[in-house]
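**Student:** Task: produce atomic coordinates for the following.
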Amino acid sequence: MNDIIKAMCDRRSVRVYKQDEVPRELIEQVVEAGLWAASGMGKQSPIILAITDRALRDTLAAANAKVMGVEADPFYGAPVVLVVLAPRDVPTHVYDGSLVMGNLMLAASTVGLGSCWIHRAKETFELPEFKQVLSELGVDGDYEGIGNCILGWPAEEPEPKPRRDGRVVWAS
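**Tutor:** Presented below is the predicted three-dimensional model:
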């Protein structure tokens, strides 16, 4: 099996993390892979907010939990959050950002990190306090949160779920 296809088949969503620090070099490799995602008309419009600051990570987690209506950490203790945002004025912004998310998760797996797509980035980055965070970081424009890609060292290895049959229809 081709190495890329094998990596796609082996990747799992991780929901239990060790608290060990993730080296910046590994985060940068994952981010770089995200930046190489395909995009509509080659616009490359999504951006990645790489959060390694624990206080900001915890503030974002609390807001995400509030949107979800829970008190538990929706980031499962992962120490790093890569938030993918895309400009609303690009017609393909949700698709483009989703491709970035896919690349991030696949890249994380190939460097030995766990990852998981956590929703509610749209809702949290519509809140005034997170619009302010973007402004303070120098991010101008009207961005929609596409997803939160959590990263960290897996504390367990999730088992693959069986693939469901009947999901391919051939028109030959």
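**Student:** Which residue ranges of the protein form helices?
**Tutor:** Secondary structure of the chain (DSSP state H): helices at 3-10, 24-35, 54-68, 93-110, 121-124, 128-136.
**Student:** Mind putting those helices into JSON lines with mean neighbour count, distance to Phe75 and mean pLDDT?
**Tutor:** Every residue, glycine included, has its C-beta placed from N, CA and C. Shown next, in JSON lines, are these (neighbours: other C-beta atoms under 10 Å; distance: least, C-beta to C-beta, whole Å; pLDDT from 0 to 100):
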{"stretch": "helix 3-10", "mean neighbour count": "11", "distance to Phe75": "23", "mean pLDDT": "92"}
{"stretch": "helix 24-35", "mean neighbour count": "17", "distance to Phe75": "15", "mean pLDDT": "98"}
{"stretch": "helix 54-68", "mean neighbour count": "16", "distance to Phe75": "5", "mean pLDDT": "98"}
{"stretch": "helix 93-110", "mean neighbour count": "22", "distance to Phe75": "14", "mean pLDDT": "98"}
{"stretch": "helix 121-124", "mean neighbour count": "20", "distance to Phe75": "12", "mean pLDDT": "98"}
{"stretch": "helix 128-136", "mean neighbour count": "13", "distance to Phe75": "15", "mean pLDDT": "97"}
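**Student:** So which of those is nearest Ile146?
**Tutor:** helix 93-110 (3.1 Å; C-beta to C-beta).
**Student:** who does the closest one touch, helix- and strand-wise?
**Tutor:** If contacts are counted by 3 or more C-beta pairs under 8 Å, 6 or more residues apart in numbering; DSSP states H and E, helix 93-110 sits against helix 3-10, helix 24-35, strand 80-87, strand 114-118, strand 143-152.
**Student:** tell me which residues in stretch 40-52 are buried?
**Tutor:** Within stretch 40-52, the residues that count as buried by 16 or more other C-beta atoms under 10 Å are 45-51.
**Student:** can you redo those residues as TSV with pLDDT and distance to Asp73?
**Tutor:** Shown next, in TSV, are the buried residues of stretch 40-52 (pLDDT from 0 to 100; distance: C-beta to C-beta, whole Å):
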residue	pLDDT	distance to Asp73
Ser45	98	30
Pro46	98	25
Ile47	98	25
Ile48	98	21
Leu49	98	19
Ala50	98	19
Ile51	98	14
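**Student:** check contacts around the residue nearest to Glu159 when sequence neighbours are not counted.
**Tutor:** Here the nearest residue to Glu159 in space, its sequence neighbours aside, is Arg12; by C-beta to C-beta, 6 or more residues apart in numbering that works out to 7.9 Å. By C-beta atoms under 8 Å, 6 or more residues apart in numbering, the residues touching Arg12 are 109, 114, 157-160.
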